[in-house]
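[1] pasting the structure only:
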């Protein structure tokens, strides 16, 4: 029975090619059905792949009526194409009755439709994934350690420029110790890989620690109080901010831009876009873009920062951002009247004859402990 159904599916998908061969006296009927099943199972699976479709209840009823109207096989004899879905033309009544005995099939289709609609509407929840993509043994003059590279990835989203960090065991251990001091109850159920006296650089040990660090970060991120804490957030981007600040101060703007950009991506994925560190990151991006004569990108960074500062009456970076935005808007030919009015109001409200520091001066002065 199964071989007969499979044979009819092949005929339906082949558009009558099998019937022409049988009419000509060759091929299919000269060979046993078992040999056909063994020889062509892979090809048939390929042709059947991707045939799942989501249809409404009305469409299902119309297709069912078409199948019932074609039970005599007249459409097949006239060489018409087979119905788009359902059993093959000319199927026996007993075979169609067996399919009708499963009322759960319609329910499954509706469940798939609902899942598809929810995913199309962006209602499916997204999670932040932590993936150790590589681990390398680093040997220095007085020490030897393993450096783990971790990517931060949003599930269900393709990242053209993923956010990445490189941390060693001591960095994870320091984070674990700080969090246990502040969040003792929440950290009670969080496991942390212990130190080993030997075989720390064995491939098996590194692989196990890589998976353990992924689970460790995922568990921490699942706890709301911890994932919003400075200890957790700065574990990811504070090193990049320090390196970017140092490179900016020494005039290495291209290298600094890469560090500022990675810190920006890390904060964005961690949901830290409203913090003071994020505004400092935008200032660093604006300064480096401007120094590299990328004025459009610098202007965009200033605009994003001013949108974040819209609801704040005063902020140490508000004046420098307004000043930079006015200058850059004039350079790129954008409207600067609103920023000029805000800057004038800010200057009138403050102490007289006190010049605003530039964004670069703010970057140099900002302590990053």
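    In hand now; what should we look at? The shown structure was predicted, so the numbers you read here are calculated from the model rather than taken from an experiment.
[2] all strands of the stretch 151-300 of the chain, in order?
    Using DSSP state E, counting those that start in this stretch, the strands of the stretch 151-300 of the chain run over 163-168.
[3] can you list the domains in the chain?
    2-120, 128-207, 228-369 (automatic domain parsing).
[4] ok, so what distance separates residue 332 from residue 340?
    15 Å (CB to CB, to the nearest Å). (C-beta placed from N, C-alpha, C; glycine too.)
[5] hang on, the earlier thing: looking at the domains of the chain, which has the lowest confidence?
    Lowest mean pLDDT within these: domain 2-120, at a mean of 43.
[6] for residue 270, what are phi and psi?
    Main-chain torsions, residue 270, degrees, to the nearest 10: phi -90, psi 0.
[7] quick check: it touching residue 235?
    No: in this structure residue 270 lies outside contact range of residue 235 using CB atoms under 8 Å: 9.9 Å.
[8] ok, now which ones touch the spatially closest residue to residue 210 that is not a sequence neighbour?
    Excluding its sequence neighbours, the residue lying closest to residue 210 (CB to CB, 6 or more residues apart in numbering) is residue 132, at 3.9 Å. Taking CB atoms under 8 Å, 6 or more residues apart in numbering as the criterion, residue 132 is in contact with 148, 149, 150, 210, 211, 213, 214.
[9] beta-bridge partners for residue 132, please?
    Following DSSP bridges, residue 132 is listed with bridge partners residue 150.
[10] number of residues surrounding residue 366?
    A count of neighbours around residue 366, defined by other CB atoms under 10 Å, yields 16.
[11] next, count neighbours for the nearest residue to residue 131 once chain neighbours are set aside.
    Spatially, and ignoring its direct neighbours in sequence, residue 131 is nearest to residue 151 (4.9 Å; CB to CB, 6+ apart). Residue 151 has 15 neighbours, counted by other CB under 10 Å.
[12] so residue 151 makes contact with residue 161?
    No: assessed by CB under 8 Å, residue 151 is found out of contact with residue 161, at 11.1 Å.
[13] for residue 237, list the residues it contacts.
    Contacts for residue 237 (CB under 8 Å, 6+ apart) come out as 165, 262, 263, 266, 267, 270, 272, 277, 281.
[14] should've said residue 149
    By CB under 8 Å, 6+ apart, the contact list for residue 149 reads 132, 133, 134, 135, 136, 164, 165, 166.
[15] out of those, who's nearest residue 198?
    Relative to residue 198, the closest of the contacts of residue 149 is residue 135; by CB to CB it sits at 17.9 Å.
[16] surely residue 129 is in a helix?
    No: counting by DSSP: H, G, I helix; E, B strand; the rest coil, residue 129 is not found in a helix; it is strand.
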